[in-house]
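**Student:** Show me the folded form of this:
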Amino acid sequence: MDPRLERVLFVHAHPDDETLSTGAAIATVAEGGGSAVVATFTLGERGEVRPERQPLVDELGVGEVRRAELEAALRALGARGRRIHGWDDSGMAWHRSGRAGAAPDAPPTSMSRGDIDDLADALGAVVEEVDPTAMVTYDADGGYGHPDHIAAHRASVIVARRYDLPLYVRTDAPADVAFPLAPVRDRVLAALDAHRSQLEVDGDEVVHVGGQRRPLDDVEHYRLIETRPRRRARWGLRVGALAAGVIVGVVGTLSHQQLPWGLGLSLIAAVGLIGGIRAASGSRPLTLAAVLGVVGVVALIAIDPLGRGAFGTERSLIPDNLPGWLWSLIPALASLVALAWPDAESMRRIRMAGKAETKGGA
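**Tutor:** As a prediction, this is how the structure comes out:
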């Protein structure tokens, strides 16, 4: 990931996460000429507040104070911000294990109680607007177990898979990409200073509102994660789709002459299998495997290498009548539509081109 050439979308749950977790990366992307955009799901409405900021919080509310702090931090880092509306901070409670969890009274609108597909849909709208070339978020356990961080990670994985985007997660150990703090230290310190309701910088340490101290990281490490099934699993899925297609093709060929249920159920099974796999997975290779199973069986029987009679003869398993033609053509047409249907990345590009054309003509 060359930050000078990237449009990077950083996905976070609360204000201050962007600087504490990914500040050096954001500032490096911005300083290198790239575009850094920070998407934030909540305003950290349930966060504790440092005593010196309490009067302002009493006047404006914690969410409004933290929103203003986030805007100031993003200016210091050189980033743009996008707020994802619809969810609130879950709060936090420490468990005996030392891991964080949602507060017992987390509201129904909190991220930890949100439907993960709804979170992903909202994040996907930001992706379509920003058109990033890469995404960055927390690791799978949210850094220290915070449920809102975990929800942001899961939503990011779904969106990265939908739009075929590389997804990087923060990690403590050296991995695929590293961003040193030193070249952008002033930017990061200014951004940390903006979050005065939550923390202060004491030398080389960050002091959180609860008194916890954490040293500034000299280097931020990021790992590129696999958001799609591993190759071996993908081949297993394709073999399964091929086998399912063969079964549907054979059963449908044997039953399509039985009217009306045999033909109807055969067509529903064939079209449902092909279209369902394309819609659910978005994968052309997986869809093609199912197509080869269904349509391949029909074509093979029509060629009739076993000598039962060529297509259209009285002896053929697919005779020259209306059910025979419907069974031959409808799965083939459904296959063409499913394979030609644009994938998520293509649809994104189409929408982005449409927006650009609209702006150009305005």
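**Student:** Need the nearest residue in space to residue 218, chain neighbours excluded.
**Tutor:** residue 181 (5.5 Å; C-beta to C-beta, 6 or more residues apart in numbering). Glycine gets a C-beta too; all of them are placed from N, C-alpha and C.
**Student:** For that neighbour, the count of nearby residues, please.
**Tutor:** For residue 181, the tally of surrounding residues (other C-beta atoms under 10 Å) stands at 19.
**Student:** which residues does it contact?
**Tutor:** Applying C-beta atoms under 8 Å, 6 or more residues apart in numbering, one finds that residue 181 lies in contact with 23, 24, 188, 216, 217, 218, 219, 220.
**Student:** Please name every helix or strand in contact with the helix or strand harbouring the first one.
**Tutor:** Using DSSP states H and E, residue 23 sits in helix 17-31. Using 3 or more C-beta pairs under 8 Å, 6 or more residues apart in numbering; DSSP states H and E as the contact definition, the elements that helix 17-31 packs against are strand 7-12, strand 35-40, helix 62-77, strand 177-180, helix 185-194, strand 219-225.
**Student:** Now do it, average pLDDT.
**Tutor:** Mean pLDDT, computed over helix 17-31, is 96.
**Student:** What of stretch 293-313?
**Tutor:** On average, stretch 293-313 scores 67.
**Student:** For residue 134, find the nearest of the helices and strands packed on helix 17-31.
**Tutor:** Residue 134 lies closest to strand 7-12 among these, at 5.1 Å (C-beta to C-beta).
**Student:** Now do the closest one against strand 35-40, angle only.
**Tutor:** Between strand 7-12 and strand 35-40, the angle comes out at 20 degrees (axes from the mean of the first three to the mean of the last three C-alpha atoms, to 10 degrees).
**Student:** buried sites along strand 7-12?
**Tutor:** The neighbour-count check on strand 7-12 (16 or more other C-beta atoms under 10 Å) flags 8, 9, 10, 11, 12 as buried.
**Student:** thinking again about what came up before, identify, from the contacts of residue 181, the entry nearest to residue 295.
**Tutor:** Out of the contacts of residue 181, the member with the shortest distance to residue 295 (by C-beta to C-beta) is residue 220, at 50.4 Å.
**Student:** Tell me who's in contact with the closest one.
**Tutor:** If you count contacts by C-beta under 8 Å, 6+ apart, then residue 220 has 22, 23, 24, 25, 170, 178, 179, 181 around it.
**Student:** Same list (those residues) but as JSON lines, adding distance to residue 130.
**Tutor:** Output for the contacts of residue 220, formatted as JSON lines (distance: C-beta to C-beta, whole Å):
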{"residue": "22", "distance to residue 130": "16"}
{"residue": "23", "distance to residue 130": "19"}
{"residue": "24", "distance to residue 130": "21"}
{"residue": "25", "distance to residue 130": "16"}
{"residue": "170", "distance to residue 130": "20"}
{"residue": "178", "distance to residue 130": "24"}
{"residue": "179", "distance to residue 130": "20"}
{"residue": "181", "distance to residue 130": "25"}
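**Student:** Return the member of these nearest to residue 240.
**Tutor:** When these are ranked by distance to residue 240 (C-beta to C-beta), residue 170 comes first, at 35.1 Å.
**Student:** That closest one against residue 224, yeah?
**Tutor:** No. Under the criterion of C-beta atoms under 8 Å, residue 170 makes no contact with residue 224, lying 11.9 Å away.
**Student:** what about the two, which has more around it?
**Tutor:** residue 170 (20 against 14).
**Student:** Check the secondary structure at the more buried one for me.
**Tutor:** Using DSSP: H, G, I helix; E, B strand; the rest coil, the secondary structure recorded for residue 170 is strand.
**Student:** Read off the pLDDT value for it.
**Tutor:** 95.
**Student:** Setting the sequence-adjacent residues aside, check what's closest to it.
**Tutor:** residue 21 (5.4 Å).
**Student:** for the stretch 201-350 of the chain, which spans come out with low pLDDT?
**Tutor:** 227-234, 302-316, 343-350 (pLDDT under 70).
**Student:** Tell me where it has helices.
**Tutor:** Here the stretch 201-350 of the chain has its helices, by DSSP state H, counting those that start in this stretch, at 231-255, 261-281, 284-303, 322-340, 344-361.
**Student:** Make TSV out of the ones you listed and add mean neighbour count and distance to residue 212.
**Tutor:** Output for these, formatted as TSV (neighbours: other C-beta atoms under 10 Å; distance: least, C-beta to C-beta, whole Å):
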stretch	mean neighbour count	distance to residue 212
helix 231-255	17	40
helix 261-281	18	43
helix 284-303	20	47
helix 322-340	16	53
helix 344-361	12	40
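**Student:** Go through the ones you listed and name the closest to residue 89.
**Tutor:** helix 344-361 (29.7 Å).
**Student:** before we move on, the earlier item: out of the contacts of residue 220, which one sits closest to residue 197?
**Tutor:** residue 23 (17.1 Å).
**Student:** burial count for the closest one?
**Tutor:** Using other C-beta under 10 Å: residue 23 sits among 30 other residues.
**Student:** quick check: domain ranges of this protein?
**Tutor:** Structurally, the chain divides into domains by automatic domain parsing as follows: 7-225, 232-347.
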